[in-house]
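Q: Quick one, fold the following:
(2 chains)
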Amino acid sequence: MPPDLEAIAEQVFVALADPSRRAILAELAAGGPATATDLATRLPITRQGIAKHLATLELAGLVTAEPGERRRVRYRLQSAPMQLAQQFLTALARDWDGQLQALADHLDTSAANERARHRRAGGPHG
Amino acid sequence: MGFPDRIERTVELAHPPARVWAALTTPEGLAAWFGNKGASIDLRPGGPAELLFDNGFHQNMRVERVEEPAVFGFTWQIYGLPEDDPRRTYVEFTLEPTGSGTRLTVVETGFAQLPDADHGTAFGGNTDGWATKLGELGDYLDRDAA
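A: Predicted structure coming up:
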């Protein structure tokens, strides 16, 4: 395992822990690349706050800056770190305990049904 | 290390390995406890399998190991990743007879993997996404119209 998997996942979760950064990431995911000005008009966060959070997110590799129209910088969400965090969440959400309980219940039920069928077949009334 | 790569569980079942094997490797068995809307399986290494759920979700699997009635292994996609993402986790069931029952162990590995060996490519300049895909679609339509 590359040593920085852990670090990348941590950056994603640290970013998501802040409501303003979560709102910015959600807006970029929903609407695609946007400038800081776009984001400031759409979100209840000041232009200064947006700029500060975008700088943090860019440093963490969660968004990238790219040239947009009229030489304004647009920010784009980076999917790769999010997908890595998703792998972490998938491991946490995997419910093998519940699944194995369902398997045990199914085996118990089908065995009981089979015994009942045998009893009926072999009983005095056929 | 906080990033989990491996999940392991063991359960004691009061049923012989043959019954447990059938529950793990037949469409009827899988549909009864796993895919609640149905299941299909081509039981050979490399064979496709599918679990269907009543919320419309379907999980594609690929059979990897078939050693009746002791080892059954498959790979499946990591939930939430794009369909064409190569990352898969590997699930292996091991069945051991215990008197009148079975000790069943499930191990799932591969949560902590990267899409390719080049870490820099994956996390540096990755611009793959809907914008790229839509650009490709635009290019295709342009070529098609020309």
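
Q: residues contacting residue 97?
A: I went with chain A, as the question did not name one. By C-beta atoms under 8 Å, 6 or more residues apart in numbering or on different chains, residue A:97 lies in contact with residue B:9. C-beta coordinates here come from the backbone N, C-alpha and C atoms, glycine included.

Q: wait, chain B
A: Applying C-beta under 8 Å, 6+ apart, the residues near residue B:97 are B:16, B:17.

Q: And it, what's its pLDDT?
A: In this model, residue B:97 is scored at 98, pLDDT.

Q: and it, what element?
A: Using DSSP states H and E, residue B:97 sits within strand B:88-98.

Q: That strand pairs with which strands, parallel or anti?
A: With DSSP bridges as the test, strand B:88-98 is paired with strand B:71-77 (antiparallel), strand B:101-109 (antiparallel).

Q: Using JSON lines, lay out these together with mean pLDDT and mean neighbour count.
A: Formatted as JSON lines, the strands paired with strand B:88-98 follow (pLDDT from 0 to 100; neighbours: other C-beta atoms under 10 Å in any protein chain shown):
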{"stretch": "strand B:71-77", "mean pLDDT": "96", "mean neighbour count": "19"}
{"stretch": "strand B:101-109", "mean pLDDT": "96", "mean neighbour count": "18"}
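
Q: what would these look like in TSV with distance to residue A:33?
A: Formatted as TSV, the strands paired with strand B:88-98 follow (distance: least, C-beta to C-beta, whole Å):
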stretch	distance to residue A:33
strand B:71-77	27
strand B:101-109	36
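
Q: which residue is nearest the centroid of chain B?
A: Central residue of chain B (C-alpha atoms, centre = their mean): residue B:76, 1.4 Å from the mean position.

Q: how near is residue A:17 to residue A:85?
A: To residue A:85, residue A:17 is 12 Å away according to C-beta to C-beta, to the nearest Å.

Q: neighbour-wise, which of these two wins?
A: More crowded of residue A:17 and residue A:85, by other C-beta atoms under 10 Å in any protein chain shown: residue A:85, with 20 against 9.

Q: List the buried residues of the strand holding residue B:97.
A: Neighbour counts over strand B:88-98 (16 or more other C-beta atoms under 10 Å in any protein chain shown) mark B:88, B:89, B:90, B:91, B:92, B:93, B:94, B:95 as buried.

Q: same thing with stretch A:39-49?
A: Taking 16+ other C-beta under 10 Å as the criterion, stretch A:39-49 shows A:39, A:40, A:43, A:45, A:49 as buried.

Q: Check the gap between the fourth one and chain B for me.
A: For residue A:45, the distance to chain B (C-beta to the nearest C-beta, to the nearest Å) stands at 24 Å.

Q: On the three-state scheme, that residue is what?
A: coil (DSSP: H, G, I helix; E, B strand; the rest coil).

Q: Find the nearest non-adjacent residue to it, please.
A: Closest residue to residue A:45 apart from its sequence neighbours, by C-beta to C-beta, 6 or more residues apart in numbering or on different chains: residue A:20 at 5.2 Å.

Q: on that earlier part again, ok, the buried residues of strand B:88-98 vs chain A, which is closest?
A: The shortest approach to chain A among the buried residues of strand B:88-98 belongs to residue B:89, at 7.9 Å (C-beta to the nearest C-beta).

Q: Surely that closest one and residue B:112 touch.
A: No. Residue B:89 is beyond contact range of residue B:112, at 9.9 Å (criterion: C-beta atoms under 8 Å).

Q: just the strands in chain B please.
A: Ranges of strands in chain B, per DSSP state E, are B:6-13, B:38-41, B:48-52, B:58-67, B:71-77, B:88-98, B:101-109.

Q: give me phi/psi at the residue minimising distance to the centre of chain A?
A: Nearest residue to the geometric centre of chain A (C-alpha atoms, centre = their mean): residue A:86, 4.4 Å. Here is the backbone geometry of residue A:86 (degrees, to the nearest 10): phi -60, psi -40.

Q: Could you chop chain B up by domain?
A: B:6-113, B:119-146 (automatic domain parsing).

Q: which stretch among those comes nearest residue A:111?
A: Closest to residue A:111 of the domains of chain B is domain B:6-113 (C-beta to C-beta; 6.2 Å).
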